[in-house]
Structure formats: C-alpha cells, structure tokens
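Asks: Provided below for reference: sequence and predicted model.
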Amino acid sequence: MRAQVRTIEIEGLPVRLRTLAPAGRLRDTLAPTVVLVHGIGMSHRSFARTQRHLARTHRTVAVDLPGFGGLPPVGRTVPFEELGDLVVRAVRSLGAVDLVLVGQSMGTQVVVEAARRHPDVVSAVVLVGPVVDPARRTLVQQALDLARDGFVEDARMNAVVLTDYMRSLRQYVRQLGPMLRYRTEDVVPALVQPVLVVRGDRDPIGRRDWAAALAASARRGALVELPGGHHVQDRQPVAFARLVDEFRRVQTTEDALTGGAPAGGATTGDAR
C-alpha cells in the first residue's frame, strides 16, 4: 500500500495531505474518509502506524498543518477556526464529502472547530488525548505533563516528537498560546456529531477526569481507554483502528434507528 502525497495551498497557506486507501479506493467518494490531524509541533508521522491499519478498510488522509511537518512557517498565529476550515477545504479538494475527523492533542481542537463549522460534511469526531484540561491550563503545568509523558512513550515516538518539534519550532511558539486558551469544553457540547474520546491509561496530559467530563458533555459521547500515553494511537494502532471501525458501525446503526437524531448521554469503556 503506497501513500499518495499532495501539498496544496488554500489562501496562501500550505497543507500537506497523505492519502492511504484500500486498492482502488483512493478516490472513493461513497464511504466516509477518515481524516487524521496531528498535535502541536507534530506531523502525520504521529499517525503513521494507525493510518496503515485504518487504510485496510477506509480511505484515510493524514494532514500536515501549515508550519508543521516540514512545511514553511506561516509567520503568524493561525486561529483554530481557520485551521478547521483549512482541513475541511483541503480534504474536500480530494472529492471527499463525508468526513470522520480524528484529532490528537492540539489536533482535537482543530477537529472540534471543523465539526462545529461544517456539520454538513463532518459525520463523526474522534478526540485522542484531548487538550487543554481546564485544571491544567498553564504553560508550566503543560510542560511538566509533556515531560512526564516522555517516560511513558517508547523510544520511537520520543524520537518522532523530538525531530518534529525541532523542525516546527517557529510555528509551535506561535500556536502555543492559542492552544492553551482554547476552550474545547465549550465547543464539544454544541456538536451535533457523535464524539468518541480516546485516552491512554497513563496519559498525564489528557487525564481521565477531564476526558470523562468531555465525553459526558457531548450529545452523543463515549470514552474509551487503551494502554499507553498521550500518543496512544501510535502505541496501540491495531486496537485504535478497530475502535474507529466499531465507532462507525455503532454510529451507523444508531442513525438508522433514530433517523440521525442525537442520542443523549455518554458511556465509558476500557479496551485492554
């Protein structure tokens, strides 16, 4: 399975799209496209393992946001509303009309904005290690939690984090303040789409109380924990891909039974 890589510009901002899909489905517009959005300082590499497994059954697109993943720095802060629009517009340029958005860390803020602003296109949202916990919104707290996570991740992911941070440092500094101030907890309750919150059971950044509260605030929300840290999607790529598949199946069944009407309440689960 070979990735198709394409860099496009939208209103002067470069976005890189890395598409993987089952044979013959690179341009599939019938089934939902799973879109993977990285966290601050990171790139599509944080989803590399997961994308390979998801692409066995779905067309997938991993996004490199402007200023990250080796793309040139933007020279300004890009608001999350603009980032959400960019992701949707970029992926729709591939012909996708039904999107399942998967965000990790800061990427969760991007995808909830995209879902809020584009409910006609985004059918479901998956939030991996969501940020920022209102109880730990300061720069010092976040830096300490990031350092703690370094002891949980494996050597490969720590190397990805370090090298991705080094090549995106200028944009990282510009996006850090807005990331800390963005109130994910205010946006999720307004989403009409089902929301799956996933966290690693040893994640010091997306802590359990915060993740559970976020899932419970969604109109159709669920929380699942997998063994691992903040980048649990990389530590558990097979389990994570199966989880997304199951989430889609449950969503499709619920929509068929309710005519797409939101079903209140959140559930929690443990997949180990």
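Replies: On my side now, so go ahead. This one's a predicted model, so the numbers in the text were calculated from it and none came from an experiment. Numbering: from 1, shown residues only.

Asks: and Val34, what element?
Replies: Per DSSP states H and E, Val34 falls inside strand 33-37.

Asks: so where's the stretch 1-150 of the chain shaky on pLDDT?
Replies: Residues of the stretch 1-150 of the chain meeting the criterion pLDDT under 70: 1, 23-30.

Asks: show me where the stretch 1-150 of the chain has its helices.
Replies: All helices of the stretch 1-150 of the chain, identified by DSSP state H, counting those that start in this stretch, fall at 48-54, 80-92, 106-117, 139-150.

Asks: circling back: return the strand holding Val34 as PDB; C-alpha atoms alone will do.
Replies: Listed next in PDB are the C-alpha coordinates belonging to strand 33-37 (Å, rounded to 0.1, in the frame of the first residue of the first chain):
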ATOM      1  CA  THR A  33     -13.000   9.400   4.600                       C
ATOM      2  CA  VAL A  34     -11.100   9.200   7.900                       C
ATOM      3  CA  VAL A  35      -9.000  12.400   8.400                       C
ATOM      4  CA  LEU A  36      -6.100  12.400  10.900                       C
ATOM      5  CA  VAL A  37      -4.900  15.700  12.400                       C
END
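
Asks: that one pairs with which strands?
Replies: Strand partners for strand 33-37, identified by DSSP bridges, are recorded as strand 59-64 (parallel), strand 99-104 (parallel).

Asks: any idea how far it is from the chain center?
Replies: Its chain's C-alpha centre lies 8 Å from the corresponding centre of strand 33-37 when counted by CA atoms, centre = their mean, to the nearest Å.

Asks: now it against helix 106-117, angle please.
Replies: In terms of direction (axes from the mean of the first three to the mean of the last three CA atoms, to 10 degrees), strand 33-37 departs from helix 106-117 by 130 degrees.

Asks: what's in contact with strand 33-37?
Replies: For strand 33-37, the external contacting residues (CB atoms under 8 Å, 6 or more residues apart in numbering) are 44, 47, 50-51, 54, 58-63, 65, 87, 91, 94, 96, 98-104, 107, 110-111, 244. (Glycine included, C-beta is placed from N, CA and C.)

Asks: which among these end up buried?
Replies: Neighbour counting by 16 or more other CB atoms under 10 Å classes 44, 47, 50-51, 54, 58-63, 65, 87, 91, 94, 96, 99-104, 107, 110-111, 244 among those as buried.
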